[in-house]
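Participant: A structural model of the following input is requested.
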Amino acid sequence: MHKKWIKRCFAVKKILLSILMLLVVLCSAVYAGNSAEDEIRFQIKDVLFDYKDAYNLRDFEAIRALYAENAMVMSFPCNSKENLTSASFSEGLPRCASYWLDSSFKLRLFKITGFKVDGDKCSARVAWDYRSNDGRGKFTPSFEFARIGGKWLIINETYGRKSD
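Facilitator: Got it, this is the predicted structure:
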């Protein structure tokens, strides 16, 4: 009787070990699939921190460096009312700076609320807090990014209602 019980224990151990190995393999596959998207998400988060810093420091060159040459921009921090080409947006940055100074505009915390990767392009929807003379507020920009020359650049920026 004792020998049968020991054999059953070994059989159960083998089954449990097999199940455990299968779970490890499945979890590894899921993690590996998400890790590339997670890495891109971290990179985009870095770009968004650069965006915040560039706007808050009123650093025109740093702001320009965030955008691709052919970007379309409707910038909340610049109080844009229409899409502008990257060149028109760039020319208007001095007007933006006076708006920021007059209103004491500062970007604060943000949270990525939507994220999608498609090869060398991705999109992010962001909930962003800001502060100005009017108090604190929130805006919800949407960004489209492209990896150009190994760097993620904004190719489209808009704010307001989500458009699908």
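Participant: Model confidence score at Arg8, please.
Facilitator: Arg8 carries a pLDDT value of 68.
Participant: do you know how far the closest residue to Lys106 other than its chain neighbours is from Ser104?
Facilitator: Of all residues not flanking Lys106 in the chain, Arg131 sits nearest, at 4.9 Å (CB to CB, 6 or more residues apart in numbering). (Glycine included, C-beta is placed from N, CA and C.) Between Arg131 and Ser104 the computed distance is 7 Å (CB to CB, to the nearest Å).
Participant: do the same with Asp50
Facilitator: 21 Å.
Participant: what about the two, which has more around it?
Facilitator: With neighbours defined as other CB atoms under 10 Å, Asp50 and Ser104 compare such that Asp50 has more, 16 against 10.
Participant: Wait, that one touches Ala62, no?
Facilitator: Yes - judged on CB atoms under 8 Å, Asp50 makes contact with Ala62 at a distance of 7.0 Å.
Participant: so what's Val126 up against?
Facilitator: 48, 110-113, 140-143 (CB atoms under 8 Å, 6 or more residues apart in numbering).
Participant: Out of the residues you listed, which end up buried?
Facilitator: Taking 16 or more other CB atoms under 10 Å as the criterion, what is buried in the contacts of Val126 is 48, 110, 140-143.
Participant: re earlier: and of the contacts of Val126, the nearest to Cys96?
Facilitator: Pro141 (14.7 Å; CB to CB).
Participant: While we're on that closest one, how confident is the model there?
Facilitator: 91.
Participant: Hmm, Thr158 and it touching each other?
Facilitator: Yes - counting by CB under 8 Å, Pro141 touches Thr158, with 6.8 Å between them.
Participant: phi, psi of the residue nearest to Lys106?
Facilitator: Per-residue torsions, Arg131: phi -130, psi 140 (degrees, to the nearest 10).
Participant: Next, the contact list for it, please.
Facilitator: Arg131 neighbours (CB under 8 Å, 6+ apart): 104-106, 108, 137.
Participant: cool, and Leu93?
Facilitator: Leu93 touches 60, 63-64, 78, counting by CB under 8 Å, 6+ apart.
Participant: For Gly137, give the beta-bridge partners.
Facilitator: Beta-bridge pairing for Gly137 (DSSP bridges): Tyr130.
Participant: I am assuming it contacts Asp129, so please confirm or correct that.
Facilitator: Yes - if you go by CB under 8 Å, Gly137 and Asp129 touch, sitting 7.4 Å apart.
Participant: on that earlier part again, would you list the contacts of Val126 in CSV and tack on distance to Asn56 and secondary structure?
Facilitator: CSV is the format used below for the contacts of Val126 (distance: CB to CB, whole Å; DSSP: H, G, I helix; E, B strand; the rest coil):
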residue, distance to Asn56, secondary structure
Leu48, 12, helix
Phe110, 12, strand
Lys111, 17, strand
Ile112, 19, strand
Thr113, 21, strand
Thr140, 19, coil
Pro141, 15, strand
Ser142, 21, strand
Phe143, 17, strand
